[in-house]
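*Asks:* return atomic coordinates for the entry below.
(one chain, ligands or ions: 2)
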Amino acid sequence: MNSCLFCEIVAGKIPCEQVHSDENFLAFKDISPAAPCHILVIPKRHISALTDLDPSMVDLSGQLLVLAAQIAAQQNLDSDGYRFVINCGDDGGQTVGHLHLHILGGRSLNWPPG
Ligand code: 5GP
Ligand code: ZN
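*Replies:* Ligands and ions are numbered 1, 2, ... in the order given. As a prediction, this is how the structure comes out:
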């Protein structure tokens, strides 16, 4: 596999501001926050994008969503609300080829995206 930025963060080769780590997932603050709270939640194993998910990954996908909701609550985003975003591919605006879920909160967010 070619080098992957988020795999290098998982391996500790590139530092991050960690919010959560367990056997399967890592959460860390986005280096260029688009909202007062902007956290990325990633599976530690390399999955390139939503297009690479298959039925064997149903558990992992569900765990990702539940964990992200728990982190949003820990960040005190529950009362005012928040948004999850998973960009996929060029049109989706994906810039890092390792599946990641954005948690965005702390301000009112526009809809639809531009
Ligand atoms: P995408 O555009 O692929 O959905 O999101 C990639 C995100 O990764 C962007 O919000 C970008 O700011 C963030 N990012 C890119 N490089 C780094 C990095 O080295 N460290 C951290 N913490 N975030 C990064
Ligand atoms: Zn990776």
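*Asks:* make it CA atoms for all contacts and neighbour counts henceforth
*Replies:* OK.
*Asks:* and the strands in the chain?
*Replies:* 18-21, 25-29, 37-43, 82-85, 101-105 (DSSP state E).
*Asks:* all helices of the chain, in order?
*Replies:* 5-10, 58-74, 89-92 (DSSP state H).
*Asks:* now do the last one, average pLDDT.
*Replies:* So the one you mean is helix 89-92. The average pLDDT for helix 89-92 rounds to 98.
*Asks:* re earlier: can you add mean pLDDT and give the strands of the chain back as TSV?
*Replies:* Converted to TSV, the strands of the chain look like this (pLDDT from 0 to 100):
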stretch	mean pLDDT
strand 18-21	98
strand 25-29	99
strand 37-43	99
strand 82-85	98
strand 101-105	99
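*Asks:* so which of these gets nearest ligand 1?
*Replies:* Taking CA to the nearest ligand atom as the criterion, strand 25-29 is the member of the strands of the chain that comes nearest to ligand 1, at 5.3 Å.
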